[in-house]
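>>> sharing a model that was predicted from the sequence below.
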Amino acid sequence: MHTTDELFDRIAQDLRVTGLSVQTIDKTEPALQALVQRLSLFSGSDFSAAGIGRQTEHTQNTEIRSDKIHWLDSGHALENTFLMYMDELKNHLNRRLFMGLFSYECHFAHYEPGAFYKKHLDAFQGNTNRVLSTVLYLNQNWQADYGGELAIFDAHDHSILQQKITPQFGTLVTFLSDEYPHEVLPATRPRYSIAGWFRVNSSVNGQIDPPR
Ligand SMILES: O=C(O)CCC(=O)C(=O)O
Ligand SMILES: [Fe+2]
């Protein structure tokens with residue numbers, strides 16, 4: 001079996017059992033290498049302050065999060081290499097778990113030293129079509145004492161810290177968006193990740209969502 005299939009199978013299996021998966025993408029994976037190359041081409045002005053919510057509800061709230069982001073676009077060849085990879089993951093999860101995932105959107109996130117994203121859920125039950133969150137880390141040779149972990153809380157008791165994940169290069173975290181509260185802890189070094197969401201195609205409050 002192809003190694004990507006094995007990885008995607010492990011993710012499907014984790015999601016089936018707990019709704020949370022922490023796996024590692026092989027360093028030689030072309031989609032990962034494309035992101036390294038893309039990162040090296042960025043200048044500071046390619047990133048802008050992140051907001052909370054989207055469209056009309058979109059507000060900047062620097063007390064909740066202080067990262068800067070850049071949305072990926074299929075029109076950029078390097079970004080598209082990763083989007084195609086995630087499309088394969090989407091198809092794989094749909095085949096194995098019948099999740100009915102319809103689309104994927106994601107952004108690079110740059111957390112400067114001291115930046116954070118307070119404890120939050122990526123989606124609220126019944127109120128969104130974001131169903132599955134992904135976070136991929138792009139920090140080569142990240143050391144434990146740099147901090148910057150992703151803290152994941154218990155899906156049933158949101159006050160219990162379940163685990164802390166080091167934002168090491170190639171680590172891919174996948175979890176049910178409306179079940180796992182999580183928090184980005186401050187780091188002493190610049191921290192890069194790609195946060196993304198698989199969506200189902202549903203109608204919310206009479207509006208077709210995602211918008212086209
Ligand atoms: O970068 C991370 O570790 C997670 C970011 C996150 O939770 C988000 O953007 O919703
Ligand atoms: Fe999040």
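Looks like it came in fine. Ligands and ions are numbered 1, 2, ... in the order given.
>>> low-scoring stretches of this protein, by residue?
In the predicted model of the chain, residues 1, 52-60, 203-212 satisfy pLDDT under 70.
>>> flag every residue of it that's near ligand 1.
109, 117, 122, 135, 150, 182, 184, 193, 195 (Cβ under 6 Å from any ligand atom). Using the backbone N, CA and C atoms, a C-beta is placed for each residue, glycine as well.
>>> so the third one sits against D178, correct?
Read it as D122. Yes: assessed by Cβ atoms under 8 Å, D122 is found in contact with D178 at 7.5 Å.
>>> just to revisit the earlier point, filter the residues of the chain next to ligand 1 down to the ones in strands?
109, 117, 135, 150, 182, 184, 193, 195 (DSSP state E).
>>> farthest pair in the residues you listed?
Across those, the longest distance by Cβ to Cβ is 13.1 Å; it joins A109 and H182.
>>> quick one, longest helix in the protein?
helix 77-97 (DSSP state H).
>>> so which residues of this protein form helices?
Taking DSSP H, the helices of the chain run over residues 3-17, 30-41, 77-97.
>>> can you redo those as CSV with mean neighbour count?
Formatted as CSV, these follow (neighbours: other Cβ atoms under 10 Å):
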stretch, mean neighbour count
helix 3-17, 15
helix 30-41, 16
helix 77-97, 17
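>>> can you list those helices in JSON lines and add distance to N61?
Below are those laid out as JSON lines (distance: least, Cβ to Cβ, whole Å):
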{"stretch": "helix 3-17", "distance to N61": "30"}
{"stretch": "helix 30-41", "distance to N61": "26"}
{"stretch": "helix 77-97", "distance to N61": "27"}
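>>> these: which one's closest to L161?
It's helix 3-17; of the helices of the chain, that one is closest to L161 (Cβ to Cβ) at 19.1 Å.
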